[in-house]
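Peer 1: Model the structure of this input:
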Amino acid sequence: MEQRENFLGLHNLVAPIGARKKAKRLGRGESSGTGKTSGRGHKGQKARKSGNVRIGFEGGQNPLSRRLPKSGFTPLSTKSAIVNLKHLADRFEADAKIDPAALVAAGLLRNLRSKVKVLGIGEPKSGFKLHVHGISDSARQKIENSGGSIEILA
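Peer 2: Numbering: from 1, shown residues only. Below is the predicted model:
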């Protein structure tokens, strides 16, 4: 059996030139460029051997994140999907029954889980029958003036 001289195998792989970098040798005399302070500058907490402190640490002083006032949170379940009267007028016929399922079918609502609030921007067609979770005063007035009815869902 003949042997191949230029056979490439795991035993004779060589890294390309420049792929392996020598480690920086710290503290080996001033002429090395990283002697004396070994690249850590002069004094201070970061010049010490255990000087790397966590992000936001201010040396024991009360940190900024704790000094600033905190405000509460808004639970996701209370946010309502907003629908304006002008969109209802564009997508629905007069005297239509409008509930969350109809709004999803019309493309005004993403899913049935979100609560619906109607705002009074625009003018409604003659009387919609609204079944929604919330409605603004101006929208309520416009719907009732046009002969529509409103039922608030729980």
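Peer 1: for this structure, longest helix please?
Peer 2: helix 137-145 (DSSP state H).
Peer 1: Can you read off the backbone torsions of the residue lying closest to A106 once chain neighbours are set aside?
Peer 2: Closest residue in space to A106, ignoring its immediate chain neighbours: R91 at 4.4 Å, by CB to CB, 6 or more residues apart in numbering. Where C-beta positions appear, they are placed from N, C-alpha and C, glycine not excepted. Backbone torsions for R91, taken as degrees, to the nearest 10, come to phi -100, psi -20.
Peer 1: so R91 makes contact with V104?
Peer 2: No - using CB atoms under 8 Å, R91 is not in contact with V104, being 11.6 Å away.
Peer 1: burial measure for G35, as a count.
Peer 2: G35 is flanked by 14 other residues according to other CB atoms under 10 Å.
Peer 1: Provide a list of residues in contact with it.
Peer 2: L26, G27, R28, G29 (CB atoms under 8 Å, 6 or more residues apart in numbering).
Peer 1: So what's the residue count around the first one?
Peer 2: Going back to what we said before, that points to L26. L26, neighbours per other CB under 10 Å, totals 14.
Peer 1: Not counting residues beside it along the chain, what's closest to it?
Peer 2: S38 (3.9 Å).
Peer 1: Quick check: the gap between the residue nearest the centre of the chain and I98.
Peer 2: Central residue of the chain (CA atoms, centre = their mean): L76, 13.8 Å from the mean position. Distance of L76 to I98, computed by CB to CB, to the nearest Å: 24 Å.
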